[in-house]
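> Model the following, please.
(one chain, ligands or ions: 1)
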Amino acid sequence: MPSINPANQILALQSGSKSGECAALRKELSVKFVQELRLPYAETARQLGVSTSAVNQVFLRLARTVLLILLFMNILSACNGAPPPTITKNSTVMTEKQHPVNPYFSHTDTTSLTLSDAVWKEVLSPAVYEVARHGSTEPAFSGKYWDYEGKGTYSCAACGNRLFRSDAKFASTCGWPSFFETVRPNSVLYRKDSSFGMARTEVVCGRCKAHLGHVFDDGPAPTGKRFCMNSIVLDFEPDKAS
Ligand code: FE
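All right, here's what the predicted structure looks like:
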């Protein structure tokens, strides 16, 4: 790239330049735009002067790399005689409850739940508290549900409010669990989010107002929505065997 001036860099990227520096910067910014700002692939592509499929390819390669690293760790653990890390789907680890001391957790009570910050801090694990009450975002591909395929219901990990059925979950390469519809229209509430200079729609729990993630308009039919959620604030309950 001829100059380190940020404005020149943006112009060079948007011009479609295929120089080595531009390609590397485009890849780096694609990851930041999608993972940190959760921009849809199409908007990320528009900002960087590439096609949507090019952005998609970046994340397909990233997902493959993560799986290879997990596989490598699994082999290393096996060689050392230690229990392997959990990478298999439908494992029991996926269904562990995250709310052992939360008396407000309920799958049936849908009345509004308002608690003080001190109480939330007491009844939630630090990781759930940080995302649910402070709006943090877990790193992409790090959560336990992003590629989970179990059949059942996903609820709010803070209060138990039912949010999504596994039938509405779809394979997204974004690194977070993605759904195209909620179980009830009022399962979640929406808030405008203009952080980072972007216009996004935040999704919060309809019962306890916990931050869950964001919703975008690039999901599959029939709704066209992509509810991009944090695994850590979801609690999965498998369907009972019939
Ligand atoms: Fe909730």
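
> Please make it C-alpha for all contacts and neighbour counts, starting now.
OK.

> Give me the buried stretch members for the host helix or strand of residue 118, please.
Residue 118 is part of helix 117-123, with elements assigned from DSSP states H and E. Residues of helix 117-123 classed as buried by neighbour count (16 or more other Cα atoms under 10 Å): 120, 123.

> So for it, mean pLDDT?
The pLDDT scores in helix 117-123 average 96.

> Indicate whether the next helix or strand after it makes contact with the ion.
Using DSSP H and E, the helix or strand that follows helix 117-123 towards the C-terminus is helix 126-134. No - using Cα under 5 Å from the ion, helix 126-134 stays clear of the ion, with a minimum separation of 8.3 Å.

> what's helix 126-134 packed up against?
helix 117-123, strand 211-216 (3 or more Cα pairs under 8 Å, 6 or more residues apart in numbering; DSSP states H and E).

> Quick one: mean pLDDT over the helix or strand following the shortest one.
Secondary structure here is assigned by DSSP H and E; on that basis, the next helix or strand after strand 211-216 toward the C-terminus is strand 226-229. Per-region confidence: strand 226-229 scores 97 on mean pLDDT.

> Repeat that for stretch 208-219.
Stretch 208-219 comes out at a mean pLDDT of 97.

> residue closest to the middle of this protein?
Nearest residue to the geometric centre of the chain (Cα atoms, centre = their mean): residue 176, 2.7 Å.

> tally of neighbours for the closest residue to residue 51 other than its chain neighbours?
In space, and not counting its chain neighbours, residue 51 is closest to residue 45: 5.5 Å by Cα to Cα, 6 or more residues apart in numbering. Residue 45 has 21 neighbours, counted by other Cα atoms under 10 Å.

> quick revisit: go ahead and name everything in contact with the helix holding residue 118.
With Cα atoms under 8 Å, 6 or more residues apart in numbering as the test, helix 117-123 has contacts from 99, 101, 102, 103, 129, 133.

> between the residues you listed, which has the most around it?
Counting neighbours by other Cα under 10 Å, residue 129 leads the contacts of helix 117-123 with 23 neighbours.

> Tell me how far that residue lies from the ion.
11 Å (Cα to the ion, to the nearest Å).

> what's the answer for residue 194, then?
For residue 194 relative to the ion (Cα to the ion), the value is 22 Å.

> Tell me how many other residues crowd that residue.
Considering only other Cα under 10 Å, residue 194 is surrounded by 11 other residues.

> Now do the contacts for it.
Contact partners of residue 194, counting by Cα under 8 Å, 6+ apart, are residue 200.

> And the pLDDT at it?
For residue 194, pLDDT reads 93.

> does any bit of the helix holding residue 118 sit next to the ion?
No - judged by Cα under 5 Å from the ion, helix 117-123 makes no contact with the ion; its nearest approach is 11.0 Å.

> picking up where we left off before, could I get the helices and strands packed on helix 126-134 in JSON lines, plus columns for distance to residue 50?
Output for the helices and strands packed on helix 126-134, formatted as JSON lines (distance: least, Cα to Cα, whole Å):
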{"stretch": "helix 117-123", "distance to residue 50": "43"}
{"stretch": "strand 211-216", "distance to residue 50": "20"}
